[in-house]
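1. My questions are about this predicted structure, shown below with the sequence.
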Amino acid sequence: MAITLFGIASCDACRKARRWLDEHELEYRYHDLRRDGLPVTALREWVRRAGWETVLNKRSATWRKVPDVDRQLESATQAIALMREFPTLVKRPILSSGATLLVGFDPDSYAAVFLEKAK
């Protein structure tokens with residue numbers, strides 16, 4: 001099962017997720033959203049599966065800098081356009097592995113997915 005972790009190097013939650021995967025000896029590919037870009041097909045898939053309200057990080061410093069007029073989102077299409085313009089608005093990390101999609105880092109969720117399957 002191929003694991004891809006999408007994040008940003010300076011993000012604490014991304015560092016915790018990477019550390020957790022390393023400690024549990026799970027192989028993964030790391031995709032830095034700043035350095036490697038934000039794949040639009042992946043973004044659309046995340047929004048389809050998890051909902052734009054989950055994928056869009058309204059607690060980020062970037063969100064506070066977005067003009068009020070652009071914060072009035074009413075659809076996934078608008079949210080996707082905003083996240084494409086400002087990739088740091090994507091809630092991080094995003095872990096994708098086959099049917100699994102985890103948004104944000106929660107060690108219990110990671111354990112339920114990856115350690116339970118190993119048993």
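-> Sure, I can see it. Nothing here was measured: the structure is a model prediction, and the numbers come from that model. Residues are numbered from 1 along each chain as shown.
2. can you map out the helices along the chain?
-> 12-23, 40-50, 52-55, 61-65, 68-71, 76-85, 107-110, 116-118 (DSSP state H).
3. Report the helix or strand with the lowest average pLDDT across this protein.
-> Among the secondary structure pieces of the chain, namely its helices and strands, helix 116-118 has the lowest mean (mean pLDDT, DSSP states H and E), a mean of 62.
4. hang on, the earlier thing: in JSON lines: the helices of the chain, plus distance to H31 and mean neighbour count.
-> Every residue, glycine included, has its C-beta placed from N, CA and C. Listed next are the helices of the chain as JSON lines, based on distance: least, Cβ to Cβ, whole Å; neighbours: other Cβ atoms under 10 Å:
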{"stretch": "helix 12-23", "distance to H31": "11", "mean neighbour count": "16"}
{"stretch": "helix 40-50", "distance to H31": "8", "mean neighbour count": "15"}
{"stretch": "helix 52-55", "distance to H31": "15", "mean neighbour count": "18"}
{"stretch": "helix 61-65", "distance to H31": "18", "mean neighbour count": "12"}
{"stretch": "helix 68-71", "distance to H31": "26", "mean neighbour count": "9"}
{"stretch": "helix 76-85", "distance to H31": "15", "mean neighbour count": "16"}
{"stretch": "helix 107-110", "distance to H31": "17", "mean neighbour count": "13"}
{"stretch": "helix 116-118", "distance to H31": "22", "mean neighbour count": "8"}
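5. can you list contacts of stretch 55-64?
-> Defining contact as Cβ atoms under 8 Å, 6 or more residues apart in numbering, one finds that stretch 55-64 is touched by 43, 46-47, 71, 73, 79, 82-83, 86, 88-92, 94, 103.
6. and what of stretch 32-48?
-> Contacts with stretch 32-48, where a contact means Cβ under 8 Å, 6+ apart, come from 6-9, 31, 55, 76, 79-80, 83-84, 87-88, 90, 92, 94, 96, 101, 103.
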